[in-house]
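K.L.:
With the input below, show me the fold.
(chains A and B)
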Number of protein chains: 2
Amino acid sequence: MPHLSDRVQRTFQSPFRKFLPLAQQAKDRGIQVIHLNIGQPDFSMPKGAMDGIKASNDSYIPYGTAEGQTPLRQAWCRYYERFNIHLDYTELIITSGASEGIYFTLMGIADAGDEIIVPEPFYANYNGFSEMAGVTIVPLPSSIEDGFPIPDASAFEAAITPKTKGILISNPNNPSGKIYDEGTLRSLAALAVKHDIFLLVDEAYSEFVYENHRFFSALCIEGAEKHIVVIDSISKRFNACGTRVGALASRNTDLLQEIARYARLRLCPPMLGQAFALHALQLPGDYHEGVRQEFSKRRALVLDRLNDIPDALYHAPEGAFYLFVRLPIDDSDRFCAWLLTDFDHQGKTVMLSPGTGFYATPGMGKDEVRIAYILNSERLSEGMDCLEHALTVYPGATKLSQATLV
Amino acid sequence: MPHLSDRVQRTFQSPFRKFLPLAQQAKDRGIQVIHLNIGQPDFSMPKGAMDGIKASNDSYIPYGTAEGQTPLRQAWCRYYERFNIHLDYTELIITSGASEGIYFTLMGIADAGDEIIVPEPFYANYNGFSEMAGVTIVPLPSSIEDGFPIPDASAFEAAITPKTKGILISNPNNPSGKIYDEGTLRSLAALAVKHDIFLLVDEAYSEFVYENHRFFSALCIEGAEKHIVVIDSISKRFNACGTRVGALASRNTDLLQEIARYARLRLCPPMLGQAFALHALQLPGDYHEGVRQEFSKRRALVLDRLNDIPDALYHAPEGAFYLFVRLPIDDSDRFCAWLLTDFDHQGKTVMLSPGTGFYATPGMGKDEVRIAYILNSERLSEGMDCLEHALTVYPGATKLSQATLV
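P.N.:
Predicted coordinates:
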């Protein structure tokens, strides 16, 4: 057969999904797989979320505007008003999920060989999008021992080279759960202005913050209007990940207009998803209050269960719905695969994301996994049962004292 | 503001869409714009096409499988059975429109600097996707004087270099309306096997053939299973362009599995569009028979009207729903812009796609435009009225005899 491209063969393998064939094989063997590998909660959408689509009388589904439908862009801006973010609809374009928004932005601000600075650990697929765009991630390490502190502005500044085109962060951070406070964001924005680079902030989890933590949007920062780009999505907001509707928001409309060249090539974002989003963004009520309460319970459950696992190191997440945990294991890829190929506990096993994919630095994350606390308490408990038992029998377990082995 | 990337600034501008801001300005001045610039017909979808989505009782819209939902892949294969195409569902993956399928395929078969051979004129956005992927289009010219003949296999072979990774054609061809007959397709497949390169066939318009012409799918060719990739879409098939649901079909499942790495990065194709497609592909009836009859009428109308335009050169399209026409004009970009900025006929004007974008060879298409015959007869007539009058007053008109000027 003809050769495939070198680039496709070395393309980053999504840590959330690369073991799905193993999960399927486990299911084929009759084993229940509890999916804590991907940020797909089991919550209902807001009541009435589908009504917009169900009421449709359109006789056909035409191409839309490349930048997204104007009513949706306007509705998204009105939604932002709830959080004191004031944007004109021309300052926001719709993308096919946040994924496309990240990729288009990388393509729009950086040429092949350019660099972006990203604190580790980060949303794993940044690795893949950077590879596709030929952009080099310059990682800023932070350590689980220290609680994944956000690097301070001087660390970011030290990493800037003539090839640096931007800083990319997620806030709240996936997978560490850390939140960037207003002061840190302002100092990063000032740094972006000083060096005339972009500050890209992925705010997909903005609604998910716990305890006394507060989310501050980069769109509220004055004085860096040309430098700040926010990546957003309805996926997590309304538990509608499959609609593939995201947005890029920036007061730098020149940038958005240039990025729209890529948008025009793919014609338009999905129109049914946009019809859904238009309706969902205008629903009244405090859907997120209830969601946050439920996530808080699930978060507490996992923290409580991790407390019983010897040598597990973790920190209570401030936002999002993940726990990034160091476990007494030799190799997280091997462990996560083994959970699916060689383990079950009472006919069940758990699927996790190996930590390696969340770093650009080779060798990092080898004893870390990401747990998504996205299922109901019963399922989550079963998943944690599996993890706890697995660690007592996993051949690559390390540092467990003999007493804890069954 | 920070510099944008060089690549975004030189990215191909879609000929279907680059003048939309001018169209909006015309509308703002109270002028009706008749859109014959884009392949967006005004037909109704098949009866009941939305029923699948309207019946949904799902409480949330989760991420799906990166390769598309298995029931949809199976339904698509069953749909192909109607045309004697026999595929297993593992031989077809779902993409976010044919657009994504083309882009992923280019990324999967070619590295930056590699080449693909494409006969001119071609679907304009191939230019943009090739640029994004860093792949060079090696064009094979064909001339409107000769009726845009499909180059024979020896012309393709002469263009093959060590960097050639594939041949990309659309069948029926957009914009020329030419159809590749079975013999030509078989000879291109044999050429692909001989040189161990891919033959990519964009079959988005497979249902739209006229008079005694017949469509032959590349999926029916034996002996080139590892070399043939078909790009398909429900956009034109069900007049649901906005759903953004396409497919890549190939018996080379190794290729599809590698391409799935890109698919996993963007998580999944749009789920609402997939729910729509699953239902639509299973609808009984002969929807396309009626559609073809109506398109035949519209095609006849435009051909008839072009017959009255002095110095217009065109050929009856065999398939798809476009006419690629040489007009007595100095510059098709200038003409298409002028139609929107400086012209109206009884308060109306027509938007067309300039021919230049459908070539990779600089300078080609300068006196050619694409007319999409996608509106009802009344609107189409009004559009052709506008074109006819415009040519009598356009300052850059050429070759018109004095007698035809009003």
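K.L.:
how about the residues of the stretch 151-300 of chain A near chain B?
P.N.:
A:165-166, A:192, A:196-198, A:226-227, A:239-244, A:252, A:254-255, A:258-259, A:261-262, A:264-273, A:276 (Cβ under 8 Å from any Cβ of the partner chain). Where you see a C-beta, it was placed from the backbone N, CA and C, and this is true even at glycine.
K.L.:
and the end-to-end length of stretch A:205-222?
P.N.:
This stretch, stretch A:205-222, spans 22 Å end to end (Cα to Cα, to the nearest Å).
K.L.:
mean confidence for it?
P.N.:
Averaging pLDDT along stretch A:205-222 yields 96.
K.L.:
in chain A, which helix or strand is least confident?
P.N.:
helix A:51-54 (a mean of 86; mean pLDDT, DSSP states H and E).
K.L.:
With only the CA atoms kept, save that one in PDB.
P.N.:
Once non-C-alpha atoms are left out, helix A:51-54 reads as follows in PDB (Å, rounded to 0.1, in the frame of the first residue of the first chain):
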ATOM      1  CA  ASP A  51     -36.900  22.600  22.400                       C
ATOM      2  CA  GLY A  52     -35.100  24.900  19.900                       C
ATOM      3  CA  ILE A  53     -34.400  22.100  17.500                       C
ATOM      4  CA  LYS A  54     -37.600  20.300  18.000                       C
END
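K.L.:
Just the buried positions in the helix or strand just after that helix, please.
P.N.:
Once helix A:51-54 ends, the next helix or strand along the chain (criterion: DSSP states H and E) is helix A:70-81. By neighbour count on 16 or more other Cβ atoms under 10 Å in any protein chain shown, the buried set for helix A:70-81 is A:72-77, A:79-80.
K.L.:
again, but for stretch A:185-201
P.N.:
Quick answer for stretch A:185-201 (16+ other Cβ under 10 Å): A:185-193, A:197-201.
K.L.:
Can you lay out those as CSV showing secondary structure?
P.N.:
Conversion of these to CSV gives the following (DSSP: H, G, I helix; E, B strand; the rest coil):
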residue, secondary structure
A:Leu185, helix
A:Arg186, helix
A:Ser187, helix
A:Leu188, helix
A:Ala189, helix
A:Ala190, helix
A:Leu191, helix
A:Ala192, helix
A:Val193, helix
A:Ile197, coil
A:Phe198, strand
A:Leu199, strand
A:Leu200, strand
A:Val201, strand
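K.L.:
quick one: which of those is nearest B:Asp28?
P.N.:
Of all the buried residues of stretch A:185-201, B:Asp28 sits closest to A:Phe198, with 32.5 Å by Cβ to Cβ.
K.L.:
mind checking pLDDT for the closest one?
P.N.:
A:Phe198 is assigned a pLDDT of 98 by the prediction.
K.L.:
and it, what does it touch?
P.N.:
Neighbour list for A:Phe198: A:105, A:109, A:165-167, A:192, A:227-229, A:255, B:2 [criterion: Cβ atoms under 8 Å, 6 or more residues apart in numbering or on different chains].
K.L.:
taking these one by one, which sit in strands?
P.N.:
A:165-167, A:228-229 (DSSP state E).
K.L.:
quick one: which of those residues is nearest B:Pro141?
P.N.:
A:Lys165 (38.2 Å).
K.L.:
just checking, that closest one touches A:His195?
P.N.:
No - here A:Lys165 lies out of contact with A:His195, judged by Cβ atoms under 8 Å, at a distance of 10.1 Å.
K.L.:
Can you pull out the low-pLDDT segments for chain A?
P.N.:
Along chain A, the parts satisfying pLDDT under 70 run over A:399-406.
K.L.:
mind listing the helices for it?
P.N.:
Along chain A, counting by DSSP state H, helices occupy A:6-9, A:20-28, A:51-54, A:70-81, A:97-109, A:125-133, A:153-159, A:182-195, A:253-265, A:271-280, A:287-307, A:332-341, A:377-393.
K.L.:
contacts for the last one?
P.N.:
With contacts defined as Cβ under 8 Å, 6+ apart, helix A:377-393 is touched by A:34, A:36, A:42, A:297-298, A:301-302, A:305-306, A:308-309, A:327-329, A:335, A:338-339, A:343-346, A:348-350, A:352, A:371, A:373, A:375, A:397, A:400, A:404-406.
K.L.:
Can you tell me which of the residues you listed end up in strands?
P.N.:
Those of the contacts of helix A:377-393 lying in strands (DSSP E): A:34, A:348-350, A:371.
K.L.:
sorry, back to before: of all the ones in strands among the contacts of A:Phe198, which two lie farthest apart?
P.N.:
Between any two of the ones in strands among the contacts of A:Phe198, the greatest separation by Cβ to Cβ is 14.0 Å, found for A:Lys165 and A:Ile228.
K.L.:
Please convert the helices of chain A to a markdown table, extending it with distance to B:Leu283.
P.N.:
Formatted as a markdown table, those follow (distance: least, Cβ to Cβ, whole Å):
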| stretch | distance to B:Leu283 |
| --- | --- |
| helix A:6-9 | 36 |
| helix A:20-28 | 30 |
| helix A:51-54 | 19 |
| helix A:70-81 | 29 |
| helix A:97-109 | 28 |
| helix A:125-133 | 36 |
| helix A:153-159 | 55 |
| helix A:182-195 | 51 |
| helix A:253-265 | 30 |
| helix A:271-280 | 17 |
| helix A:287-307 | 35 |
| helix A:332-341 | 39 |
| helix A:377-393 | 37 |
